[in-house]
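Peer 1: attaching a predicted model along with its sequence, questions to come.
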Amino acid sequence: MYNVDLIIIGAGPAGMSAARRAAELGISVLILDEQPVAGGQIYRNVDRASAVRSDILGKEYTHGLALTKGLHHDNITLLKGAVVWQIEEGTRVAFTQNGTGALAVGKRILLATGALERPMPLSGWTLPGVMTAGAAQILLKQSGIACQGAVLVGSGPLLYLIATQMVRAGVPPLALIETQTTRDLLRSMRHLGGALRGWPYLVKGLRMLWELRRAGIPRHVGATGITIEGDQAAQAISFYIGKSAHRIECDTVLLHHGVIPNTQAARSIDIPHLWDAAQNCFVPECDAWGRSAVATVFIAGDGAGIGGAKAAAFAGEIAALEIAHDLEGISRPDRDAAARKLRKHLAIECAARPFIDAAYPPYAGAIAPQDATIICRCEEVTAGDIRRFAGLGCLGPNQAKAFGRSGMGPCQGRYCGLSVSQILATANNISLDDTGYYRIRPPLKPVTMGELAAMAASEINEVKE
Amino acid sequence: MKQPRYAQWSQTSAAAWAGFAAELSDATGHDLGLEQNGGYDLHFSEESLEATVSQYEVLKEKLGGDYPFEVLGHNALRREEPAIGPKVVGAILHRQDGHANPLNLLRALADDVRRLGGQVLTGKHVTHADKPDLFRVSCADGTEVHARKIVLSAGLGAMSLGPVLGFKAPIRPQRGQVMITEKLPKLINRPSLIARQTDEGGIQIGATNEEVGLNNGVTQTGLSGLAAEAVAAFPSLAKAQLVRSWGALRILSPDGLPIYQESPDMPGAYLVTCHSGVTLAAAHARFLPDWLEGTDGAPNLEAFSEDRFTLS
């Protein structure tokens, strides 16, 4: 049993920067992170990989080193490989590490659980050989493995980033099939003025496009009707540009059309969420410090709304200031002075976001998939099934669950949740806010019965003592 | 265990289930996963086993001997259930117990009601009901429905709507936490109150009985307690991954038995409430309509009227 001031869930940029700032203000911090090394998804394995693969992964990636170094502080305990499966009463966190269940109690909890890739259900996406572009990047960061002869499909900056990393690794993708259109680009232009404040992002984007062009990677922009072909595994991908049909033979397809907040932990404790139309996702309701409706629980980073790694680090620090203020580690004027500076940086980091969101919207064909396309991979429920459940009176995803088991498999709805809500909202002509989302219940991640049972025993012992 | 008439009523339903399931799956194509090979009451001590057996003997006598059960010692039980652990001293085997897939039942009923011409309005919040001439049911969104008869089967919603229609509706919520493992190869043959394996392979564990009002949350202590009991009964479950859990509210009357009551103030309004809706589904589909229509074939449900709550 751990007893600390602050429990931070997730050692990505938000969690790490919050931990450091809180620790410096005299707050005792426990960080629980699933991975064997701190860094989160963006700086995954940075302590080990930056030396050997930084030329491939880029300068941005090695920024993570400063954050992981910051964790060396007497007030910080980092538990690696710790999988959180339940949060209760805004202060109790149950987790498993090395096959043993344990409890941690904190006066405050910071959820820094980051983002998930937006599910991209389209015809053939469940075939072997198809994975998310983010998964391909994990292979690169974790193991230095790059996918040969892959086609990248979707939209957004991460798609370009991974493409350039593959070029540098010497295994360039066969092609990029991009789903954003010139109309999206025109629409995004009204945000360009604001975006100029975040000019380094725009420069970075242009540099990546130039790098892809120099490497001769074909880019097919404005693709529709995307279908992955194959019997046992992916063999080809076909799509339309305007009215002309295209087909590329390939055995690896990497899908990506943006990231969305990972809201599972926040939802599991009934923190209210709202639909964000600009980012096409649900975001938890938080105040300017990241405090949620559960007063002891804060949310920072991409889990509170997509802003990227640097924005996450600033948001983590801002939350840490307020948490320290709650626990009398910092005076109000000092908190406000420090926060003012951080908010200025945060605003600049977020300046390019409306432009990026408008220029790279999610692929329409995956938001409203064809009837035969599988939505829930665990239970093999199709888009057509979900629409039929709507016809049977299912107004929300929890009823759809009871009707067809979508979201009831081992991934606990992480893969299909957003798709099911969106399909039901469209089919019933009800807003996303009224349609809602799965009710997320423990375990947040699978836990064995033995681990759970062992905690019952320790509970009995405690009572006996 | 408590009430002979209830034992009869659920026996009646159990006997009607096979025909009911066959009809529903013929009509809708949904297999209900019905298995009626009996179920266990598992015991971890000789004392509790013996105490329960003597209670059943009393009930059996009241029912004129029509209450079949067998007592299995550890070894006999192990022959039936090879996965059973050494801490289980024995079990009572109820041959009439069974198991069905409740989600498939839900889907089949939702389809079949519509197939037979029933209309289902979802997302409606009933705010009031009265009887100017016909019954009039009013909803928050302005919808009004008129009918000759109405059945209040709104679960805990009957707490507020019951008195409007002249019922006592003395019901309360009782939380049950339940959990389910990843899908596993066949491990458990017959269901028990501790664990059962669904036709899909997941093992369903629980539930708890907690008086916590309308809170349907899940607690670590609740889950750990259920897990400890299940692992004690079936040790190999220790390695199984828990993938889902939930808390749900039973709809309990003061004595735990169903309520079937026609409104004394508004004849033609009926309260139907129970907490074993799956067990009783066949009886409700096959025999309750006769009671609602007052035909000669109506089952005698007097024992389940609300009168029983005023006598004491």
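Peer 2: Cool, got the structure.

Peer 1: from now on I want contacts and neighbour counts done on CA atoms only, so please keep to that.
Peer 2: Fine.

Peer 1: okay, now B:E23: neighbour count?
Peer 2: 13 (other C-alpha atoms under 10 Å in any protein chain shown).

Peer 1: how much space between it and B:V113?
Peer 2: Computed with C-alpha to C-alpha, to the nearest Å, the distance linking B:E23 and B:V113 is 13 Å.

Peer 1: quick one, domains of the chain?
Peer 2: Picking chain A for this. Domain ranges of chain A: A:2-116+A:260-330, A:119-257+A:355-359, A:368-430, per automatic domain parsing.

Peer 1: think we crossed wires, I meant chain B
Peer 2: Using automatic domain parsing, chain B is parsed into the domains B:4-102, B:103-171+B:255-309, B:172-252.

Peer 1: including mean pLDDT and distance to chain A, could the ones you listed go into CSV?
Peer 2: Listed next are the domains of chain B as CSV, based on pLDDT from 0 to 100; distance: least, C-alpha to the nearest C-alpha, whole Å:
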stretch, mean pLDDT, distance to chain A
domain B:4-102, 93, 9
domain B:103-171+B:255-309, 95, 6
domain B:172-252, 94, 4
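
Peer 1: need the winner for burial among the ones you listed.
Peer 2: Comparing the domains of chain B by mean neighbour count (mean count of other C-alpha atoms under 10 Å in any protein chain shown), domain B:172-252 ranks first with a mean of 20.

Peer 1: now do the end-to-end distance for that one.
Peer 2: Using C-alpha to C-alpha, the two ends of domain B:172-252 sit 5 Å apart.

Peer 1: can you spell out which helices and strands pack onto the host helix or strand of A:K310?
Peer 2: Assigned by DSSP states H and E, A:K310 belongs to helix A:309-326. Helices and strands touching helix A:309-326, by 3 or more C-alpha pairs under 8 Å, 6 or more residues apart in numbering or on different chains; DSSP states H and E, are helix A:13-24, helix A:332-350.

Peer 1: what about the helices in chain B?
Peer 2: Listed in chain order, the helices of chain B (DSSP state H) span B:4-28, B:46-62, B:74-80, B:102-115, B:158-164, B:220-233, B:281-286, B:288-293, B:308-311.

Peer 1: export those helices as CSV, with columns for distance to A:G114.
Peer 2: Shown next, in CSV, are these (distance: least, C-alpha to C-alpha, whole Å):
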stretch, distance to A:G114
helix B:4-28, 44
helix B:46-62, 50
helix B:74-80, 48
helix B:102-115, 34
helix B:158-164, 43
helix B:220-233, 24
helix B:281-286, 45
helix B:288-293, 53
helix B:308-311, 55
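
Peer 1: what's the closest of the domains of chain B to A:G409?
Peer 2: Taking C-alpha to C-alpha, domain B:172-252 is the member of the domains of chain B nearest to A:G409, at 7.1 Å.

Peer 1: put the alpha carbons of stretch A:336-354 into PDB.
Peer 2: Extracted C-alpha coordinates of stretch A:336-354, given in PDB (Å, rounded to 0.1, in the frame of the first residue of the first chain):
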ATOM      1  CA  ASP A 336      -0.400  32.500 -10.500                       C
ATOM      2  CA  ALA A 337       2.900  34.000 -11.500                       C
ATOM      3  CA  ALA A 338       4.300  30.600 -12.500                       C
ATOM      4  CA  ALA A 339       1.100  29.700 -14.300                       C
ATOM      5  CA  ARG A 340       1.000  32.900 -16.300                       C
ATOM      6  CA  LYS A 341       4.300  32.100 -18.000                       C
ATOM      7  CA  LEU A 342       3.300  28.500 -18.600                       C
ATOM      8  CA  ARG A 343      -0.100  29.500 -20.200                       C
ATOM      9  CA  LYS A 344       1.700  31.800 -22.600                       C
ATOM     10  CA  HIS A 345       3.800  28.900 -23.800                       C
ATOM     11  CA  LEU A 346       0.800  26.600 -23.900                       C
ATOM     12  CA  ALA A 347      -1.100  29.100 -26.100                       C
ATOM     13  CA  ILE A 348       1.700  29.200 -28.600                       C
ATOM     14  CA  GLU A 349       1.900  25.400 -28.600                       C
ATOM     15  CA  CYS A 350      -1.800  25.200 -29.300                       C
ATOM     16  CA  ALA A 351      -1.900  28.000 -31.900                       C
ATOM     17  CA  ALA A 352      -1.500  25.800 -34.900                       C
ATOM     18  CA  ARG A 353      -4.000  23.200 -33.700                       C
ATOM     19  CA  PRO A 354      -7.200  24.600 -35.300                       C
END
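
Peer 1: how about that stretch: buried residues?
Peer 2: For stretch A:336-354, a neighbour-count test (16 or more other C-alpha atoms under 10 Å in any protein chain shown) marks A:A339, A:L342, A:R343, A:H345, A:L346, A:I348, A:E349, A:C350, A:A351, A:A352, A:R353, A:P354 as buried.

Peer 1: wait, the second one touches A:G316, no?
Peer 2: Same thing as A:L342. No. The pair A:L342 and A:G316 fails to qualify as a contact (C-alpha atoms under 8 Å) at a distance of 9.9 Å.

Peer 1: which strands and helices sit next to the host helix or strand of A:V105?
Peer 2: Secondary structure assignment for A:V105, by DSSP H and E: strand A:100-111. Helices and strands touching strand A:100-111, by 3+ C-alpha pairs under 8 Å, 6+ apart, are strand A:2-9, strand A:92-97, strand A:297-299, helix A:449-464.

Peer 1: per-residue confidence averaged over whichever helix or strand comes after that strand?
Peer 2: Downstream of strand A:100-111, the next assigned helix or strand under DSSP H and E is strand A:115-117. For strand A:115-117, the mean per-residue pLDDT is 94.

Peer 1: partner strands of strand A:115-117 and their direction?
Peer 2: Strand A:115-117 sits in its sheet next to strand A:259-261 (antiparallel), going by DSSP bridges.

Peer 1: after the strand it pairs with, which helix or strand is next?
Peer 2: Going down the chain from strand A:259-261, the next helix or strand is helix A:264-268, by DSSP H and E.

Peer 1: quick check: buried residues in the following helix or strand past that following helix?
Peer 2: Towards the C-terminus, the helix or strand next in line after helix A:264-268, according to DSSP H and E, is strand A:273-276. Neighbour-count burial for strand A:273-276, with 16+ other C-alpha under 10 Å as criterion, is recorded at A:H273, A:W275.

Peer 1: for strand A:273-276, which strands pair with it and how are they oriented?
Peer 2: Paired strands of strand A:273-276, with direction, are strand A:281-284 (antiparallel) (DSSP bridges).

Peer 1: what's the average pLDDT for the partner strand?
Peer 2: For strand A:281-284, the mean pLDDT works out to 97.

Peer 1: give me the residues contacting that strand.
Peer 2: A:260-261, A:263, A:266, A:271-276, A:292, A:303-305, A:418 (C-alpha atoms under 8 Å, 6 or more residues apart in numbering or on different chains).

Peer 1: I'd like to know which of those residues is nearest to chain B.
Peer 2: The shortest gap between chain B and any of these belongs to A:I271, at 13.7 Å (C-alpha to the nearest C-alpha).

Peer 1: next, count neighbours for that closest one.
Peer 2: Per other C-alpha under 10 Å, the neighbour tally for A:I271 reads 16.

Peer 1: for it, what are its contacts?
Peer 2: The contact partners of A:I271, by C-alpha under 8 Å, 6+ apart, come to A:P284, A:E285, A:S292, A:A293, A:V294.

Peer 1: show the pLDDT at it.
Peer 2: The per-residue pLDDT reported for A:I271 equals 97.

Peer 1: residues in contact with the closest residue to A:G396 other than its chain neighbours?
Peer 2: Nearest residue to A:G396, sequence neighbours excluded (C-alpha to C-alpha, 6 or more residues apart in numbering or on different chains): A:T435, at 5.0 Å. A:T435 makes contact with A:L395, A:G396, A:P397, A:S421, A:L424, A:A425, according to C-alpha under 8 Å, 6+ apart.
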